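[1] I'll drop the sequence and a predicted model, then ask my questions.
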Amino acid sequence: MLGRLARYLRAAGYDTALASGGAPDRLWVEVAKREARTLLTCDRQVLRHKDARGRVLWLRQGGLDQQAAVLRDRLGVDWLWQPFTRCLVDNARLEHAGNAALERLPPDLRSRTVRECPDCGRIYWAGSHHRRMRARLVNWAAGKSGRSGAKLHSLP
């Protein structure tokens, strides 16, 4: 349910883990407590756990723009904190791409700033997808709808 939101939190530079695999809610609350994370969920039942208070934020299902506004207003998420410094897929901190990574790109992209995920090997550069995501982050930071024209853990 919150996979897209997790991706945008990573795009903003936040250390964002995504829960997986059918573990009991209690486990995710414990992980959030142990790792000093805020657990984001659309499941109201998670709020019933004894350690949920101050550790779990319930979000309504639905619009990404509304969820982003709640995170900005309730948790102080700065959508322009450290943009595009984490892998959108596995959350690792990106590094400047080495020559081997640059060789995998077309020649016209090699002169751009290119980053690489040290864990999965994905390569990132500022293309059209980056511009669309950045525009959404800028709008969210300004309190507008994201469509142009802290450590977090989200439970699916």
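    Structure's in. What do you need? Small disclaimer: the values here were computed from a predicted structure and weren't measured.

[2] what's the longest helix in the protein?
    Ranked by residue count and defined by DSSP state H, the top helix of the chain is helix 128-141.

[3] which parts of that one are buried?
    For helix 128-141, the neighbour count (16 or more other C-beta atoms under 10 Å) marks M133, R134, R136, L137, N139, W140, A141 as buried. From N, CA and C alone the C-beta is placed, and that goes for glycine too.

[4] same deal with stretch 73-88?
    In stretch 73-88, counting by 16+ other C-beta under 10 Å, buried: V77, D78, W79, P83, F84, T85, R86, C87, L88.

[5] tell me which of those is nearest to A6?
    Closest approach to A6 among the buried residues of stretch 73-88 (C-beta to C-beta): L88, at 9.0 Å.

[6] Now for that closest one: which residues touch it?
    If a contact means C-beta atoms under 8 Å, 6 or more residues apart in numbering, then L88 has R7, R10, A11, Y124 as its contacts.

[7] If we use 10 Å, what do you get?
    6-11, 16, 94, 117, 122, 124, 129, 133 (C-beta atoms under 10 Å, 6 or more residues apart in numbering).

[8] now swap in H49 and tell me
    Applying C-beta under 10 Å, 6+ apart, the residues contacting H49 are P24, D25, R26, W28, V29, E30, K33, L39, R55, V56.

[9] out of those residues, what pair is the most spread apart?
    Most distant of the contacts of H49, by C-beta to C-beta, are P24 and R55, 15.6 Å apart.
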